[in-house]
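[1] what's the 3D shape of this:
(chains A and B)
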Amino acid sequence: AQSVTQLGSHVSVSEGALVLLRCNYSSSVPPYLFWYVQYPNQGLQLLLKYTSAATLVKGINGFEAEFKKSETSFHLTKPSAHMSDAAEYFCAVSDRKAGSYQLTFGKGTKLSVIP
Amino acid sequence: DAGVTQSPTHLIKTRGQQVTLRCSPKSGHDTVSWYQQALGQGPQFIFQYYEEEERQRGNFPDRFSGHQFPNYSSELNVNALLLGDSALYLCASSPSPGGTQHFGDGTRLSIL
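    Next comes the predicted model:
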């Protein structure tokens, strides 16, 4: 069964500092991996996705993530945090076995940005 | 271009009642998936509909059922509501069962 572990339920960074949100996955087959962001009282917005092409994936709002098979990781980074980045971030995996396309999410990491 | 729309935005019910939540997919999308997000948790997959049939189901009891209409919109029905059913219910649509899922803003269901 596939699963996702997000290290750190709450991360605080100063405005302009590096953002690093950690995600480790387990999957029986090469997975597809996703990062979604959720602002208060809203649904999930796709930041970026890995679908077995380039291992370094660039997304919206300056975010990027690197797929590392040896570490089973897909950490999300942004060089310089902005106040508008404060939100909850979810990592998700889809192992895409035949007929199985469900997303399995981690528990989320709440990002706070300190002015 | 309208995204995924869900109705209602908020709903309050009592234990034992039944509820129906609605979802209109993004234009061009034919697949709808439903997720339950309890407070402080990540979303959990309930089921996926494609071609008006339930194609895949997560670990949810039969009290949770759904429907997809010919125009690709979908309903989620929950019977015999329990306090533990209080959650944000998210609908996601995709251009195919394996396509990237785009989420609506959800329906906040509170059970008293």
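[2] Which strand or helix spans residue B:47?
    strand B:44-50 (DSSP states H and E).
[3] In stretch B:84-103, which residues are buried?
    B:85-94, B:97-98, B:100-103 (16 or more other Cβ atoms under 10 Å in any protein chain shown). C-betas here are computed from N, CA, C, even on glycine.
[4] still on that earlier bit, do the strand holding residue B:47 and chain A meet at all?
    Yes - applying Cβ under 8 Å from any Cβ of the partner chain, one finds strand B:44-50 in contact with chain A at B:44-45, B:48.
[5] circling back to that earlier point, farthest-separated two in the buried residues of stretch B:84-103?
    B:86 and B:98 (31.4 Å; Cβ to Cβ).
[6] on that earlier part again, which is the next helix or strand following the strand holding residue B:47?
    Assigned by DSSP H and E, the successor of strand B:44-50 is strand B:53-57.
[7] partners of that following strand, with directions?
    Strand B:53-57 has its sheet partners listed here by DSSP bridges as strand B:44-50 (antiparallel).
[8] so how far is the partner strand off the chain centroid?
    8 Å (Cα atoms, centre = their mean, to the nearest Å).
[9] what mean pLDDT would you report for it?
    For strand B:44-50, mean pLDDT is 96.
[10] Need the CA coordinates for that strand. CSV is fine.
    Only the C-alpha atoms of strand B:44-50 are listed here, as CSV (Å, rounded to 0.1, in the frame of the first residue of the first chain):
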residue,chain,number,x,y,z
GLN,B,44,-8.8,10.7,2.4
PHE,B,45,-10.1,9.1,-0.8
ILE,B,46,-13.8,8.1,-0.8
PHE,B,47,-14.4,7.0,-4.4
GLN,B,48,-14.0,7.9,-8.0
TYR,B,49,-16.7,8.1,-10.7
TYR,B,50,-16.2,7.7,-14.5
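[11] what comes into contact with it?
    A:101-105, B:30-38, B:54-60, B:64, B:66-68, B:74, B:76, B:96-97 (Cβ atoms under 8 Å, 6 or more residues apart in numbering or on different chains).
[12] Any of those buried? List them.
    For the contacts of strand B:44-50, buried by 16+ other Cβ under 10 Å: A:101-105, B:30-37, B:55-56, B:58, B:64, B:66, B:68, B:74, B:76, B:97.
[13] So, low pLDDT: which residues of the chain?
    Chain wasn't specified; assuming chain A. The model of chain A has pLDDT under 70 over residues A:98-99.
[14] ah, I was thinking of chain B
    For chain B, the stretches flagged by pLDDT under 70 are B:1.
[15] closest point of it to chain A, which residue?
    Proximity of chain B to chain A (Cβ to the nearest Cβ) peaks at residue B:42, 3.3 Å away.
[16] tell me the contacts of the one residue sitting closest to the centre of chain B?
    Central residue of chain B (Cα atoms, centre = their mean): residue B:34, 3.5 Å from the mean position. Applying Cβ under 8 Å, 6+ apart to residue B:34 gives the contacts B:23, B:45-48, B:66, B:74, B:76, B:89-92.
[17] Residue A:57 now?
    A:48-50, A:64-67.
[18] Get me the contact residues on chain A for chain B.
    So chain A meets chain B at A:4, A:34, A:36, A:41-46, A:49, A:90, A:92, A:96, A:99-108 (Cβ under 8 Å from any Cβ).
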